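Chemist: I would like the atomic coordinates for the input below:
(one chain, ligands or ions: 1)
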Amino acid sequence: MLHEMPTLPYDMEALAPAMSKETLEYHYGKHLQTYINNLNRLIVDTPFEGMSLEEIVRQAEGGIFNNAAQTWNHTFFFQGLAPDQPPVSERLAEVLGRDFGSVEAFKEKFTQAAVGLFGSGWVWLVADEKGFLSVDSEQNAGNPMRKGLKPLLTIDVWEHAYYIDYRNRRAGFVEAFWKLVDWGKVDENLFGR
Ligand code: MN
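Modeler: Residues are numbered from 1 along each chain as shown. Next up, the predicted model:
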């Protein structure tokens, strides 16, 4: 099957100034499109051609894994942002409190992981099979589904995610990210609709 660009649940200028239209034009419009084009080219005449994106992410290695995971990760990242942020639900706050101490303590731990990740990668809030939450750092295209963990929230800390708006200041990007997190999506990813 042919993989296609996901739609964004907001306008390209809707996340500014935290994330500019120009960043979305490059990050969503060019970087993500390139991963999808590469994936579609690489899977031709392989067993991955008939698989869903998630199956490819779980099973592939090398270039097919890299481009499939970057497609999945970016789709999840962009669709987890919102210009009008809903509040953290009570039940989500309860679980974050149980596993990190408080919502603020979770944000601090996630921020430290995002700022501290060496090189390119992704930082995730994940749930294990028993529903316990943790922060998971992944290099490059890494995706926690490979470890049996369920993604709830992610931040892209590749330089291309922030260089237009924040230059070298990854910490500024991470701070702005907290103004864009769609807590309704995080709730839905953990508890279902
Ligand atoms: Mn990216």
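
Chemist: helix or strand for Phe118, which one?
Modeler: Phe118 belongs to no helix or strand when assigned by DSSP states H and E.

Chemist: Please point out which parts of whichever helix in the chain runs longest sit buried.
Modeler: Longest helix of the chain, by residue count under DSSP state H: helix 62-79. The neighbour-count check on helix 62-79 (16 or more other Cβ atoms under 10 Å) flags 64-78 as buried. Where you see a C-beta, it was placed from the backbone N, CA and C, and this is true even at glycine.

Chemist: chain center to that helix, what's the gap?
Modeler: 9 Å (Cα atoms, centre = their mean, to the nearest Å).

Chemist: And for stretch 54-73?
Modeler: Centroid separation for stretch 54-73 versus its chain: 14 Å, with Cα atoms, centre = their mean.

Chemist: What count of nearby residues applies to Tyr26?
Modeler: Tyr26 has 16 neighbouring residues, counting by other Cβ atoms under 10 Å.

Chemist: and if you look at Asn168?
Modeler: 9.

Chemist: just checking, it is part of a helix?
Modeler: No. According to DSSP: H, G, I helix; E, B strand; the rest coil, Asn168 belongs to no helix; its state is coil.

Chemist: Quick check: it vs the ion, distance?
Modeler: 16 Å (Cβ to the ion, to the nearest Å).

Chemist: swap in Phe118?
Modeler: For Phe118 relative to the ion (Cβ to the ion), the value is 17 Å.

Chemist: Which pLDDT does the model give Met1?
Modeler: Note for Met1: predicted pLDDT of 82.

Chemist: neighbours of it, just the number please.
Modeler: Met1: 11 neighbours (other Cβ under 10 Å).

Chemist: again with Gly121
Modeler: With other Cβ under 10 Å as criterion, Gly121 counts 20.

Chemist: returning to that earlier point: what comes into contact with the longest helix of the chain?
Modeler: For helix 62-79, contacts defined as Cβ atoms under 8 Å, 6 or more residues apart in numbering pick out 3, 6, 8-9, 27-28, 31-32, 35-36, 38-39, 42-43, 46, 48, 53-54, 56-57, 60, 122, 140-143, 151, 154-156, 185.

Chemist: Contact residues of this structure facing the ion?
Modeler: With Cβ under 5 Å from the ion as the criterion, the chain meets the ion at residues Asp156, Trp158, Ala161.
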